[in-house]
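[1] pasting the sequence and the predicted model now:
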Amino acid sequence: MSQDLQAVIDSGMCIGCGACVAVDSTLALELDPIRQTYRPTHPSGPEAASVCPAVAVDFDFLHKRVFPNQAPGPHGVVDSVYLAQSTDFERNLRASSGGLIKELLLAYLADPAVDGIISIVHKSGIHFEPTLIERPEQVDALPGSIYHSIPFDKTLHILRERPGRYVLVAIPCQLEGIFQYIYRLEPQLADRIHATIGLLCGWQYSHHAIRAICEYKGVDFDSLTDIAWRGGGPVGKLRLTTARSTKSVSRRVDFSYQVAFDRSFNSPRCHLCINHSNFLADIVVGDAWLPSTLYTRTGISLVICRKPETRELLQHLADSQRLIITEVTVDEITESQTRRVVFGDFAYAYQDYLAEIGEHRPAMTGPNRMAAHLVDRDEVATFHAELKLKLALQDQRRYKHLWWRKLLKEFPRLAKRYIDWFLVRVLRIKSLTGQRKEVSWAQIRIFR
């Protein structure tokens, strides 16, 4: 076990879950002024390191406690998989997907066994933090997905200080830290969690990404009063709001957006994450990026139920005509999120490479390792060298240099991404060549 958090601080691998802060009251999470991600204020000691998901994640240990007597497969513990959409059109439009999270939150708040929801709330500027939600009218005011680095330490504070049972909404690495803290140090807190709603993670970005897009679009970063990543239909738009105006940016086709939210702007640990499918959540929700769902006006959600109780809740909402659902298979998880992400083909190889060259990486092996096809070492080595260069430019805030680099040196790679998207999602080349079978039109036609 690591002796402290020094390697996490030096590598920038902190994801802000706050588990270490719950261990050591002298710790706090602070924004690194250079890296623009959160980090603990000092290295602390072995106990803080023992719960940190940037040091290690023991998935076997956690699975046995979160899902006792259920053996995980390559996609984790899976009870059932659905495509789903809220029947509330406006809610879907604001979410840029199926609107499932808010329907689930409203259902849980109506349950007498639930005392509240712990979810991210906008505070000011680009600052969001976990807050206790106790009233239904608060639900639709909650923000959509947040992609930039935020501190999550108040979650454990709420669980420790507020008696009751709560539903927790979190991304994978946040749940890893929270559960490691609970099951190693305060197992009685497990009774405070009624259920967990996990997000299929679409990466977390440093604040450099927001600074870069503000520079490209002529928006004063220091004047931002709000930021929103979703809304207005599938994929959604990034909206940068100041007291004077709101600037909308296409997340699909805007070149500057593709530069500012290049993978190099991810929080460093994201490159090593093998848990994008949120193995530890009771129910997992994300966008269904499938050829069969492209036509939709408001987006469709992919839902993974990991417990029978969550399947029963989903069916209850469908019977109550609050949801439209159709059952699919784990193949749609892989197709929607890509096998490279779902099974950690790149991440496991990158972990091995960092270990080989003596750089810090979290020790973690998930249930998907059995299905991983590791990419070549040369691909990982090339990525690492390029990442180091780009991070140095970000730390110097040379965002224009990165813009020109993407245009002059990396544009063919970006173009290939769009060509691949067109072939797979629009022309359905995998179906035409017999690599997969699409979800049938009879199943999809029920969605708008």
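    Thanks, I have it.

[2] surely residue 172 is in contact with residue 286?
    No - if you go by C-beta atoms under 8 Å, residue 172 and residue 286 don't touch, sitting 11.0 Å apart. To be clear about C-beta, it is placed using only N, CA and C from the backbone, and glycine gets the same treatment.

[3] now do the shared contacts for those two.
    Shared contacts of residue 172 and residue 286 (C-beta atoms under 8 Å, 6 or more residues apart in numbering): 199, 201.

[4] test my guess that residue 216 contacts residue 256.
    Yes - between residue 216 and residue 256 there is a contact at 3.9 Å, judged by C-beta under 8 Å.

[5] can you list contacts of stretch 397-417?
    By C-beta under 8 Å, 6+ apart, the residues outside stretch 397-417 that reach it are 208, 211-212, 215-216, 255-256, 258-260, 262, 264, 390, 393-394.

[6] put the buried members of those residues into a PyMOL selection.
    This is how PyMOL selects the buried members of the contacts of stretch 397-417, with burial counted by 16 or more other C-beta atoms under 10 Å:
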select buried, resi 208+211+212+215+216+256+258+259+260+262+264+390+393+394
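
[7] which of the contacts of stretch 397-417 sits closest to residue 347?
    residue 264 (15.5 Å; C-beta to C-beta).

[8] tell me the spacing between residue 42 and residue 362.
    Distance, residue 42 to residue 362, by C-beta to C-beta, to the nearest Å: 20 Å.

[9] among the two, which residue is more densely surrounded?
    Taking neighbours as other C-beta atoms under 10 Å, residue 42 and residue 362 compare with residue 362 leading, 24 against 16.

[10] verify the stated contact: that one with residue 272.
    Yes - under the criterion of C-beta under 8 Å, residue 362 makes contact with residue 272 at 6.3 Å.

[11] shared neighbours, the two?
    Contact with both residue 362 and residue 272 is made by residues 13, 351, according to C-beta under 8 Å, 6+ apart.

[12] elements contacting the helix or strand encompassing residue 102?
    In the assignment (DSSP states H and E), residue 102 maps to helix 100-109. If contacts are counted by 3 or more C-beta pairs under 8 Å, 6 or more residues apart in numbering; DSSP states H and E, helix 100-109 sits against strand 80-86, helix 89-95, strand 116-124, strand 166-170, strand 193-199, strand 283-287, helix 308-319.

[13] contacting residues for residue 443?
    Residues in contact with residue 443, defined by C-beta under 8 Å, 6+ apart, are 83, 326, 328.

[14] what's the pLDDT at the nearest residue to residue 28 once chain neighbours are set aside?
    Once flanking residues are discounted, residue 28 sits nearest to residue 41: 5.0 Å by C-beta to C-beta, 6 or more residues apart in numbering. pLDDT for residue 41: 98.

[15] how far away is residue 343 from residue 59?
    According to C-beta to C-beta, residue 343 stands 14 Å off from residue 59.

[16] higher neighbour count, the two?
    residue 343 (26 against 21).

[17] doesn't residue 373 make contact with the more buried one?
    Yes - look at residue 343 against residue 373 with C-beta under 8 Å: they come within range, at 7.2 Å.

[18] re earlier: among the contacts of stretch 397-417, which are in helices?
    Counting by DSSP state H, the contacts of stretch 397-417 place 208, 211-212, 215-216, 255-256, 258-260, 390, 393-394 in helices.

[19] let's have the contacts of residue 443 in a markdown table, adding distance to residue 159, neighbour count and pLDDT.
    A markdown table is the format used below for those (distance: C-beta to C-beta, whole Å; neighbours: other C-beta atoms under 10 Å; pLDDT from 0 to 100):
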| residue | distance to residue 159 | neighbour count | pLDDT |
| --- | --- | --- | --- |
| 83 | 32 | 26 | 97 |
| 326 | 35 | 18 | 97 |
| 328 | 34 | 22 | 97 |
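
[20] could I get these as TSV with distance to residue 147?
    TSV is the format used below for the contacts of residue 443 (distance: C-beta to C-beta, whole Å):
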residue	distance to residue 147
83	23
326	28
328	26
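
[21] what about residue 34, how many neighbours?
    The tally of other residues near residue 34 (other C-beta under 10 Å) stands at 13.

[22] I'd assumed it was in a strand, is it?
    No - counting by DSSP: H, G, I helix; E, B strand; the rest coil, residue 34 falls outside a strand, being coil.

[23] ok, back up a step: residue 102: which of the ones in helices among the contacts of stretch 397-417 is nearest?
    Of all the ones in helices among the contacts of stretch 397-417, residue 102 sits closest to residue 260, with 27.9 Å by C-beta to C-beta.

[24] list the contacts of that closest one.
    Neighbour list for residue 260: 209-210, 212-213, 216, 399 [criterion: C-beta under 8 Å, 6+ apart].

[25] give me the element residue 112 is part of.
    Residue 112 belongs to no helix or strand when assigned by DSSP H and E.

[26] and for it, the neighbour number?
    Applying other C-beta under 10 Å, we find 5 other residues in the vicinity of residue 112.

[27] and the one 4 residues further on, by the same measure?
    Residues near residue 116, counting by other C-beta under 10 Å, number 20.

[28] same question for the one 5 residues further on.
    Counted with other C-beta under 10 Å, the neighbours of residue 121 add up to 15.

[29] check the offset of the helix holding residue 102 from the chain's centre.
    Taking C-alpha atoms, centre = their mean, to the nearest Å, the mean C-alpha location of helix 100-109 is offset from the chain mean by 19 Å.

[30] same check on stretch 62-74?
    Put simply, stretch 62-74 sits 21 Å off its chain's centre (C-alpha atoms, centre = their mean).

[31] which parts of it are buried?
    Of all the residues in stretch 62-74, those buried under the rule 16+ other C-beta under 10 Å are 62-63, 66-67, 72, 74.

[32] adding distance to residue 106, secondary structure and pLDDT as columns, could you present the residues you listed in TSV?
    Converted to TSV, the buried residues of stretch 62-74 look like this (distance: C-beta to C-beta, whole Å; DSSP: H, G, I helix; E, B strand; the rest coil; pLDDT from 0 to 100):
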residue	distance to residue 106	secondary structure	pLDDT
62	29	helix	98
63	29	helix	97
66	24	helix	98
67	26	coil	97
72	30	coil	97
74	33	coil	97
